[in-house]
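Novice: build the 3D model from these lines:
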Amino acid sequence: MNPVLLLLQPLLAALTLGSGGPLARELGPAPNSWSYTGRVSAIATSRTNANLYYVGGADGGVWKTVDGGVTFTALTESLPSLAIGAIAIDPTDEKVLYAGSGEANFANHSRYGFGLYKSTDGGSTWSILGRKEFAGRCFSRIVVDPTAPNRLYAAITRAGGFPEMAAAKGHPRATGPVGVFRSLDGGLTWQHLKSGLPALSATDLCMDPQTPATLFAAIGHIFGNSLNGIYKTTDGGSTWIKLTSGLPSSDVGRISLDIATTNPSRLYALFTEAASSSGGSAYTIGAYRTDNGGSSWTALPDDVYQSSYGWYLSVVRVHPTDANIVFMGGLDLHRSRNSGSSWSTLYLPHVDLHALQFDASARLIAGDDGGVHRSSNLGDSWSALNQGLGLVQFYAGVSIDPRTDVPVLAGAQDNGTHLRTSDSRSAWDVVLGGDGGFTQIDPLDPRRKFAEFQGTGNLYVSAGGGFSWSGSGINSSDRNCFLPPYLIVPGDSMRMYYGTHRLYRSLNGGASWTSITGDLTKGSGAIRSLAVGTTDPNVIYLSTNDGIVLVSTNGAGSFRTIFSDHPGWPRVTRELFVDPLDAQSLYLATASFGADQVRRSRDAGLTFETLDGDLPDVPVNVIVADTRDFPVIYAGTDCGLFRSEDNGHSWRRYGQGLPHAAVIDLLLDPLRHRLIVATQGRGSWEVPHVLTASKTPRSLR
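Specialist: This next block holds a predicted model:
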């Protein structure tokens, strides 16, 4: 058997197992108080039924609506990856559906996939195809030949992140082939198309609907390459030529394009600058149009804006019945009614656009960082279609009110900080804007709440329950991990720590801060995780996004290196967990393939034991443990929640009904016998913390 399949088959088998234990309960938000949910990266609509859509969450799987967005049903909860990059419906049989896993938007949270998902019954059941060809990478587009529907084309990219492929987390196939692939048997087998076409990330793909052997591919490696550009085939992909007349030839990054259905000689394209490997700016280069099938292109007035991160948001869509009407999206949406000669700026309810599609009644459907929005007047006004659509991408740093089981405070990707106010999936108020990050609720005075948005020093405190906020100053020039971690020291609400590339301390509850260390990184990183001992608050653990794990046993007076090359994710994590009963006992999660995923030290990091056991080889983002009498350990992975009752020798999925989404944070609430599960793509959940009868802690007997 192929060695790659030998590698992937046991992993996929483990990741698709059903969950055991008690039932999980969805907490939400679905949507929040502003009618937003999480990022939508793909949309497919029926050609004949104006109420039938499929929506792909960036990390939330495939959803279906049969009533025009009034209600949605999740279809892929138990598949090994809920990161969706592309969806396509067979134009000859709309029960046949393809979903490409892996989101091709190149952010640190644009995760890898595990192959192509195919359904022949409208999404009720799925098979996983293309594991060898596509696992570890991402789909940007899937195209089905309307005259021969077993002929498919897929545009494949690297997983996202800065540095490159950080979102792949060391997947063993992350560096496999990218570009354009063709299948002649409905996705069972694939050919990598390379005759005249470079093996670089393909960021878009479209087909001439009248002559399906003619296709156009956008090769748009986001960090720039001299071979980036638009390529054309007239023989179904066997050979390709690069189109150059009138198009940019240098400093080209991501490219998006679309073809006019009613006039296939006309195409529109959007070019973006190349990004630097450190995440530098990538502004719009320009918009272009061809009226002769790509032989020559005309530059259009530059009125398309992608801010400085065009590698993340880029989409082009032509009206299905009027080739003169075209939309280009990025930070916001732009419309031309005269073939691109002039543009109008349209303001969606939420910024950062990733998908555009027309339904069968020519209504415009948009997928953005706030979910799904629809317009019946070509973008002049919009309505949200997010009711029940639980796609919120939380970051690490969830907190709860110790007095009651209702409030949860959590930060979400591009959707601010959310406060749960009652027992409903939609009872989440947005209390602070931006990208919501780490939160803290003062356990001694739960009216005091802390929240932040992206960047150094953007930390705020509320003394009145979370509805009015005041700033709390940190040096804004310090390096950060986008959303810096901070914490309240257990038992001392006035003492807090905050991590940039160095450590800050407050002795007055965050009113003022003092830097107490020098640079704790290798020189270019930032602190991504902090933990303090409950029994001894002078014991401080921290990790950096350039691989260092440190410990101080004297209140940050000095630090000792535990690891100097610990892999993981560039952004904020909760990978460090200190035993609440023993500050010398540390659990360490590793968010990477091919690594010791769960470790434990009983001597403040001098020695470690590995607790992986039979846990599938998948990144672990967070660890918590109930250590009363015997350890019950929970691992939040990129593919759901696992639990061990025997010191990590054996692991089982936990929480019936809990989606196989990326678990980014866990909070154990032993007094209420529950676990709060925060996912990056399916919102938050509550799972009962149930112990076996033979292992009930003395404190509960």
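
Novice: the stretch 501-650 of the chain: helices as residue ranges?
Specialist: Residue ranges of helices cannot be listed for the stretch 501-650 of the chain, since DSSP state H, counting those that start in this stretch assigns none.

Novice: now swap in the chain and tell me
Specialist: Applying DSSP state H to the chain gives helices spanning 3-15, 131-134.

Novice: span of stretch 77-89 from start to end?
Specialist: Chord length of stretch 77-89, first to last residue, is 20 Å (C-alpha to C-alpha, to the nearest Å).

Novice: mind listing what's buried along it?
Specialist: Going by neighbour count (16 or more other C-beta atoms under 10 Å), the buried part of stretch 77-89 is 77-89. All C-beta spots, glycine's among them, are computed from the backbone N, C-alpha and C.

Novice: Asp596 contacts Tyr587, correct?
Specialist: No - with contact taken as C-beta atoms under 8 Å, Asp596 and Tyr587 are classed as non-touching, separated by 11.9 Å.

Novice: show me which of those two is the more surrounded one.
Specialist: Here Asp596 and Tyr587 are set side by side on neighbour count (other C-beta atoms under 10 Å), and the busier one is Tyr587, at 25 against 16.

Novice: so what's the more buried one up against?
Specialist: With contact taken as C-beta atoms under 8 Å, 6 or more residues apart in numbering, Tyr587 is in contact with 576-579, 598-600, 611, 623-625, 633.

Novice: who touches stretch 475-483?
Specialist: Contacts to stretch 475-483, defined as C-beta under 8 Å, 6+ apart, come from residues 108, 395, 397, 411, 435, 437-438, 452-457, 500-502, 515, 521, 524-528, 545, 570-572.

Novice: ignore what I typed, I meant stretch 115-124.
Specialist: The set of residues external to stretch 115-124 that reach it, using C-beta under 8 Å, 6+ apart, is 54, 62, 64, 75-76, 79, 94-101, 125-131, 133-135, 139, 142, 154, 186-187.

Novice: now Ser296. Nearest residue, chain neighbours left out?
Specialist: Distances taken as C-beta to C-beta, 6 or more residues apart in numbering put Ser245 closest to Ser296, at 4.2 Å, once the chain neighbours are dropped.

Novice: then Asp67?
Specialist: Spatial nearest neighbour of Asp67, excluding adjacent residues (C-beta to C-beta, 6+ apart): Asn51 at 5.5 Å.

Novice: wait, the one you found sits on Val66?
Specialist: Yes - taking contacts as C-beta under 8 Å, Asn51 lies within contact range of Val66: 5.9 Å.

Novice: could you chop this structure up by domain?
Specialist: Residue ranges of the domains in the chain are recorded as 1-30+592-701, 39-384, according to automatic domain parsing.

Novice: switch those domains over to CSV; also include distance to Ala556 and mean pLDDT.
Specialist: Compiled in CSV, the domains of the chain are given as follows (distance: least, C-beta to C-beta, whole Å; pLDDT from 0 to 100):
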stretch, distance to Ala556, mean pLDDT
domain 1-30+592-701, 14, 87
domain 39-384, 28, 97
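
Novice: tabulate these (JSON lines), appending distance to Ser422.
Specialist: As requested, the domains of the chain are arranged in JSON lines below (distance: least, C-beta to C-beta, whole Å):
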{"stretch": "domain 1-30+592-701", "distance to Ser422": "10"}
{"stretch": "domain 39-384", "distance to Ser422": "21"}
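
Novice: now, which of the contacts of Tyr587 sits nearest Ser426?
Specialist: For the contacts of Tyr587, the residue nearest Ser426 by C-beta to C-beta is Val624; the value is 27.2 Å.

Novice: you'd agree the closest one is up against Val663?
Specialist: No - shown here, Val624 and Val663 do not form a contact pair, counting by C-beta under 8 Å, at 10.7 Å.

Novice: settle it for me: which of these two has more neighbours?
Specialist: The residue with more neighbours, out of Val624 and Val663 and counting by other C-beta under 10 Å, is Val663; that gives 29 against 22.

Novice: how near is Arg425 to Pro29?
Specialist: If you measure Arg425 against Pro29 using C-beta to C-beta, to the nearest Å, the figure is 7 Å.

Novice: let me redo that: Ala104
Specialist: Using C-beta to C-beta, one gets 26 Å for the distance from Ala104 to Pro29.

Novice: and if you look at Ser201?
Specialist: Plainly put, Ser201 is 33 Å away from Pro29 if you go by C-beta to C-beta.

Novice: restricted to strands, list the contacts of Tyr587.
Specialist: Residues from the contacts of Tyr587 lying in strands, with DSSP state E as the criterion: 576-578, 598-600, 623-625, 633.

Novice: now, which of these sits nearest Leu675?
Specialist: Distances from Leu675 to those, taken as C-beta to C-beta, are shortest for Val624 (7.5 Å).

Novice: Ile676 versus that closest one, what's the distance?
Specialist: If you measure Val624 against Ile676 using C-beta to C-beta, the figure is 10 Å.

Novice: any common contacting residues for these two?
Specialist: Residues touching both Val624 and Ile676 (C-beta under 8 Å, 6+ apart) are 666-667.

Novice: residues contacting Phe394?
Specialist: The contact partners of Phe394, by C-beta under 8 Å, 6+ apart, come to 410-413, 664-665, 678-680, 683-684.

Novice: pLDDT wise, what is it at?
Specialist: Among the per-residue scores, Phe394 shows a pLDDT of 98.

Novice: leaving out sequence neighbours, find the closest residue to it.
Specialist: If the residues on either side of it in the chain are set aside, Phe394 comes closest to Ala678, at 4.2 Å by C-beta to C-beta, 6+ apart.

Novice: can you check Asp435 too?
Specialist: Gln454 (4.3 Å).

Novice: Asn108 contacts Glu164, doesn't it?
Specialist: No - taking contacts as C-beta under 8 Å, Asn108 lies outside contact range of Glu164: 10.9 Å.

Novice: endpoints of stretch 75-93, how far apart?
Specialist: The straight-line separation of the ends of stretch 75-93 (C-alpha to C-alpha) is 18 Å.

Novice: also stretch 176-187?
Specialist: Using C-alpha to C-alpha, the end-to-end distance of stretch 176-187 comes to 18 Å.

Novice: just the buried residues of it, please?
Specialist: Using 16+ other C-beta under 10 Å as the test for burial, stretch 176-187 gives 176, 178-183, 186-187.

Novice: count the neighbours of Pro402 for me.
Specialist: Here the neighbour count serves as a burial measure; for Pro402 (other C-beta under 10 Å) it reads 15.

Novice: make that Ala678, sorry
Specialist: Ala678 has 31 neighbouring residues, counting by other C-beta under 10 Å.

Novice: quick one: Thr48 and Ala360, what's the gap?
Specialist: Relative to Ala360, Thr48 is positioned 6 Å away (criterion: C-beta to C-beta).

Novice: between those two, who's got more neighbours?
Specialist: Between Thr48 and Ala360, counted using other C-beta under 10 Å, the more crowded position is Ala360 (15 against 9).

Novice: isn't the more buried one right up against Ser46?
Specialist: Yes - between Ala360 and Ser46 there is a contact at 5.6 Å, judged by C-beta under 8 Å.

Novice: common neighbours of the two, please.
Specialist: With contacts defined as C-beta under 8 Å, 6+ apart, the residues adjacent to both Ala360 and Ser46 are Leu52.

Novice: what's near enough to touch the residue nearest to Asp435?
Specialist: Listed by C-beta under 8 Å, 6+ apart, the contact partners of Gln454 are 434-435, 437, 482-483.

Novice: of all the residues you listed, which two lie farthest apart?
Specialist: Put simply, by C-beta to C-beta the two of these set farthest apart are Gly434 and Phe482, 10.8 Å from each other.

Novice: which one's more surrounded, those two?
Specialist: Taking other C-beta under 10 Å, Gly434 and Phe482 do not tie; Phe482 has more neighbours (20 against 17).

Novice: ok, and the closest non-adjacent residue to Ser307?
Specialist: Ser307 sits nearest to Leu331 (C-beta to C-beta, 6+ apart), 4.4 Å away.

Novice: check contacts around that neighbour.
Specialist: Taking C-beta under 8 Å, 6+ apart as the definition of contact, the neighbours of Leu331 are 305-307, 313, 351-353.
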